[in-house]
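Engineer: Dropping a prediction and its sequence here:
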Amino acid sequence: MAKRDYYEVLGVSKDATEAEIKSAFRKKAKEFHPDLNKSPDAPEKFKEAQEAYACLSDKNNRAKYDQYGHAAFENSYGNAGGGASYGGNPFGNFDFGDIFDDLFSGGFGGTFSSFGGNSRTRSRKGADTLYGMKIDFMEAVDGCKKDVDLEYYETCDDCGGKGGHGEEVCSECNGRGTVIKQAQTIFGVVQTKATCSECNGSGKSFKRTCSTCRGNGKIKVHKTITIDIPAGIDDGEQLRLSGKGEAGINGGPNGDLYIEIKVLPHELYKRDGNDIYIDLPVTITDLCLGCKKTIKTVDGYVDLKIKEGSQPGDTLRIKGKGINSEDSWKKGDFYCVLKLIIPTNLSRKQRNLLDDLSETGLDDDIAFKKFNKLNK
C-alpha cells in the first residue's frame, strides 16, 4: 500500500512550523493511541502518525523529504538503511518520550490533571442538579413557599466518602495511581502511563469495603425541602440552592441545586416585565359616552374612568398596580387595553334604537369624512 504524504497524515501545510507539527502530532496521538482508541485501524494510524512526526520534526529528514518525498528514505537514496512502509524504522531510534510523557501526564482524556497529578485523587465539587417547578401566576406575583421532593446522591457518612475502611497504599502502583505500560512499536519500546486498574487511579486500597455505600462513597437519599419563591419571580428564572446538588468526589463539596420556574398563564393577566396587561371589554356606549369600570388588579380593586369618545385599542394606565418584584426598585404598572365587544344577538328594541341612531349623522365624524373622500 502506498504511503500517504506525511504532511497530509498530520493535517498540516508544507510550511508548518515545528510547533505546529508537534501540536498536530499530539492531537493524532491522542486520537489514535491504542490504549485509548479500540477501533481496528487505530494502531495503524498511530504508527503512521509516529513515522510522519519522526520525519518532519527533524530538520535534515524534513529537507530530504521535501525534495525527494518517501523515496529519500529508500535504499536507492539510501544512507538511511531502513525499509519502506511501516515494517521498519527509516529514522533510527527516534525518542518519543517527551511527547508521550507530556500527553499522559497532563490533561489527556481526563485521566490526569493538567498539572500532572492524578485527577482521580483530587477533591472535586459534585455535579449541579436542575429541577423544574410549575407555579401559578399569582404565586409568582406574591411569592410563596413550595416543598420539593428530591432524590440524589450524597457523601456516605460511614466512610466519609472514601468507600472503605482501613486505608492502605495500593500495592500495585505504590500510591501513584498510575502504572507504566510498555508497547512494542516500529520505533522500539515505548513507555506510557496508564491508570492503575487495581485502585482505579486513587492510589489507595482498603482492608474492608464500606457496607453502607458498597464502596461507592455515595448513597442515594430522598429528601423533602421547603424553598421560598420570591415575589415577582418571572417565567424561566432559576433559584440556586448552594450545596443541595450531587455529592462531591473524594471529599469535595456537594454541587448546587437549581430550581427553574415555569409560571403558568393567567386567564386575564399578561405580564411584560413588571407590568401587567388585560383586555378590558367595553360596549359602543361605553366608548361614546364614557363610563367607570371597577378593575381587579393584582394589588386590589381600582375604579377606572373611561373618557367619552375613547377608541378601541386605547390603553389606560393604572400607576403602581403591577408587580412588586424583590429584584427591582420600581413597582410595575397595570394597563387596560380597551376591547370593543359587538353584540351578536340584538333584541327588536335594540335594533330599532340602532336604526334611529344611524340616521342621526354618525358618519359626519372627521374620520368618516376623510375615509369617504379618499375612497371616491
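Structural biologist: Received it, and whenever you're ready, just let me know what you need.

Engineer: State the three-state secondary structure for residue 4.
Structural biologist: Under DSSP: H, G, I helix; E, B strand; the rest coil, residue 4 falls in the coil class.

Engineer: just for the stretch 201-350 of the chain, where's the confidence low?
Structural biologist: Along the stretch 201-350 of the chain, the model assigns pLDDT under 70 to residues 250-251.

Engineer: residues in contact with residue 43?
Structural biologist: Going by CB atoms under 8 Å, 6 or more residues apart in numbering, residue 43 touches 32, 34. Every C-beta, even on glycine, is put in place using the N, C-alpha and C of the backbone.

Engineer: That one and residue 30: what is the separation?
Structural biologist: Note on residue 43: its distance to residue 30, by CB to CB, to the nearest Å, is 15 Å.

Engineer: Equivalent analysis for residue 13, please.
Structural biologist: With CB to CB as the criterion, residue 13 and residue 30 are 21 Å apart.

Engineer: Of these two, give the one with the bigger neighbour count.
Structural biologist: More crowded of residue 13 and residue 30, by other CB atoms under 10 Å: residue 30, with 15 against 9.

Engineer: Please verify my assumption that that one contacts residue 42.
Structural biologist: No: between residue 30 and residue 42 there is no contact under CB atoms under 8 Å: 11.4 Å.

Engineer: Which of the helices or strands spans the closest residue to residue 134 other than its chain neighbours?
Structural biologist: Leaving aside its sequence neighbours, residue 134 sits nearest to residue 262 (CB to CB, 6 or more residues apart in numbering; 4.7 Å). For residue 262, the element it lies in under DSSP states H and E is strand 257-263.

Engineer: partners of the following helix or strand past that strand, with directions?
Structural biologist: As assigned by DSSP H and E, the chain's next helix or strand after strand 257-263 is strand 270-272. Partners of strand 270-272 in the sheet, by DSSP bridges, are strand 275-282 (antiparallel).

Engineer: Give me the buried stretch members for the helix or strand that the strand it pairs with is followed by, please.
Structural biologist: Later in the chain than strand 275-282, the nearest helix or strand by DSSP H and E is helix 284-289. Within helix 284-289, the residues that count as buried by 16 or more other CB atoms under 10 Å are 286, 287.

Engineer: What strand or helix carries the nearest residue to residue 259 once chain neighbours are set aside?
Structural biologist: The shortest distance from residue 259 to any non-neighbouring residue, by CB to CB, 6+ apart, is to residue 239 (4.3 Å). Element membership of residue 239, judged by DSSP H and E, is strand 238-241.

Engineer: Show me what that strand is packed up against.
Structural biologist: Packing partners of strand 238-241 (3 or more CB pairs under 8 Å, 6 or more residues apart in numbering; DSSP states H and E): strand 218-229, strand 257-263.

Engineer: quick one: low-confidence parts of the stretch 1-150 of the chain?
Structural biologist: The stretch 1-150 of the chain contains residues with pLDDT under 70 at 1, 35, 74-122.

Engineer: Where do the strands of it begin and end?
Structural biologist: Ranges of strands in the stretch 1-150 of the chain, per DSSP state E, counting those that start in this stretch, are 129-135, 144-155.

Engineer: Next, the buried residues of the helix or strand just after the last one.
Structural biologist: Beyond strand 144-155 on the C-terminal side, the first helix or strand identified by DSSP H and E is strand 164-169. When neighbours are counted by 16+ other CB under 10 Å, the buried residues of strand 164-169 are found to be residue 164.

Engineer: and strand 164-169, C-alpha only, in PDB?
Structural biologist: Output in PDB follows, covering the C-alpha atoms of strand 164-169 (Å, rounded to 0.1, in the frame of the first residue of the first chain):
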ATOM      1  CA  GLY A 164     -13.900   1.700  52.600                       C
ATOM      2  CA  HIS A 165     -12.200   1.400  56.000                       C
ATOM      3  CA  GLY A 166      -8.600   0.700  56.800                       C
ATOM      4  CA  GLU A 167      -7.000   2.800  54.100                       C
ATOM      5  CA  GLU A 168      -3.700   1.400  52.600                       C
ATOM      6  CA  VAL A 169      -1.400   2.400  49.900                       C
END
